[in-house]
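# Mind looking at a prediction? Sequence and model below.
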Amino acid sequence: MNTRFNVRKKVLGNLTPVRLAAKNGKTVEGTPSEPRPGKPKSRKRTARISPPTTTAPIALDTRIFGQTGIMAAHLLPGSKPALIDTGPANTAENVIEALAELGITRLDSIILTHAHYDHAGGAGRIAEHFPEATIYAHKSATRYLTDPSLLAGSVEIWDGKAEELFGSPTAIPVRRVRGLSDGDTVDLGGRRLQAIETPGHTRSHMVFLDLETDAMICGDALGIQLPGSRIIRPSTPPSDCTHKEAIASIQKMRSYTPASVHLAHFGESRQPPEETFDRAILAINDWHQSFIKKSELAESEEELLRSVNACVEATLEPVPPSVRRGFEAINPAWLNIAGMANERKHRPDDFADAV
Ligand SMILES: [Zn+2]
């Protein structure tokens, strides 16, 4: 059967950028039940806000698609503050404002886990706002930052709607960008952040371990876990995602015995890292096995999409409707299934293997 999938013609929520609520020194999350569209009526401006005293990661809600609690940028506070992932281009102002509300007037580093629109699209705009910052990404991903036109492949995946959904990334000058290899470290001021290669979700994905706090910022390497649920949903989009590498990378992450794990979608996992790793691997295997079983029977893309969806839903623990909507907004089933179809097409031998 034809394994090429087209993006379903869906609108993924309200695209209007909205501002953030921020609380000094705490996870900065929106409240899903309390949307805050548009500008607030009034707000007090404090002349000088003290930056956070903690060194723990702070999740800043980008409010991607106008929704709270589905996409975080992570601030690592300290004498040399760093931002890990920025969110998309069209919510960069939300992140800049959240940083201002936390008293962050300078960023030394902007660090990207991978070059997807929702993680790195805002890097150019935020780099303009913080001209002293150096921008880091895997050495194979830096070219997308200096020349966003290379993201054309992703535009195709999103059926030409990528910029409508995520905004237009701004190019970053080459002199400001550094490529990272496995084991490289970034100076956070008195402590270091280690870059760890974790191919799987993308070939050039990295996670980052704060060597002082043992907090691991995981990007999409573990999948998606949204507030209000323990469920971890794999994230297997086109075009170079592979389930074997994803699982090997999770085992590699486990070997560092992090004290906490922080997901881009969304925030610190509510379970201990060991349980989160187990759940993430189990989820990838479940998706993979379901896809193989159902694709033997399905006669069309639509039928495969429906049957894999039904199979996965049947194995899910109950989740509130709001969590289910959040999953579909940030991690739609069609995108994951397209990724698995793509892997099977281009790496059939690898794909056939169970892990
Ligand atoms: Zn991604």
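The structure has been received and is ready for your questions. Numbers count the residues shown, from 1 in each chain.

# Run through the residues of the stretch 201-350 of the chain sitting next to the ion.
Proximity of the stretch 201-350 of the chain to the ion, by C-beta under 5 Å from the ion, involves residues Asp220. In short, each C-beta sits where N, CA and C put it, glycine included.

# Run through the strands of this structure in chain order.
58-61, 72-76, 82-84, 109-111, 134-138, 177-180, 185-187, 192-197, 206-210, 215-217, 260-263, 267-268 (DSSP state E).

# got those strands as JSON lines, with distance to Asn94 and mean pLDDT columns?
JSON lines is the format used below for these (distance: least, C-beta to C-beta, whole Å; pLDDT from 0 to 100):
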{"stretch": "strand 58-61", "distance to Asn94": "8", "mean pLDDT": "97"}
{"stretch": "strand 72-76", "distance to Asn94": "9", "mean pLDDT": "98"}
{"stretch": "strand 82-84", "distance to Asn94": "13", "mean pLDDT": "98"}
{"stretch": "strand 109-111", "distance to Asn94": "15", "mean pLDDT": "98"}
{"stretch": "strand 134-138", "distance to Asn94": "19", "mean pLDDT": "98"}
{"stretch": "strand 177-180", "distance to Asn94": "23", "mean pLDDT": "98"}
{"stretch": "strand 185-187", "distance to Asn94": "24", "mean pLDDT": "98"}
{"stretch": "strand 192-197", "distance to Asn94": "24", "mean pLDDT": "98"}
{"stretch": "strand 206-210", "distance to Asn94": "22", "mean pLDDT": "98"}
{"stretch": "strand 215-217", "distance to Asn94": "19", "mean pLDDT": "98"}
{"stretch": "strand 260-263", "distance to Asn94": "19", "mean pLDDT": "98"}
{"stretch": "strand 267-268", "distance to Asn94": "16", "mean pLDDT": "96"}
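
# Which of these sits closest to Pro348?
strand 192-197 (24.8 Å; C-beta to C-beta).

# Show me which residues of the closest one are buried.
193-197 (16 or more other C-beta atoms under 10 Å).

# Ok, stretch 102-121 next?
In stretch 102-121, counting by 16+ other C-beta under 10 Å, buried: 102-104, 107-121.

# same for the ion: which of those are within range?
Near the ion, by the rule C-beta under 5 Å from the ion, you find His116 out of the buried residues of stretch 102-121.

# list the buried ones in the longest helix along the chain?
Looking across the chain with DSSP state H, the single longest helix is helix 273-297. Across helix 273-297, burial judged by 16+ other C-beta under 10 Å covers 273, 276-277, 279-281, 283-284, 287-288, 290-291, 294-295.

# Likewise for stretch 235-255?
Buried-residue list, stretch 235-255, by 16+ other C-beta under 10 Å: 235-238, 240-250, 252-254.

# among the residues you listed, which are in helices?
243-250, 252-254.

# Backbone dihedrals for the residue lying closest to Arg270 once chain neighbours are set aside, please?
Leaving aside its sequence neighbours, Arg270 sits nearest to Arg230 (C-beta to C-beta, 6 or more residues apart in numbering; 6.4 Å). Phi and psi for Arg230, reported as degrees, to the nearest 10, are phi -90, psi -10.
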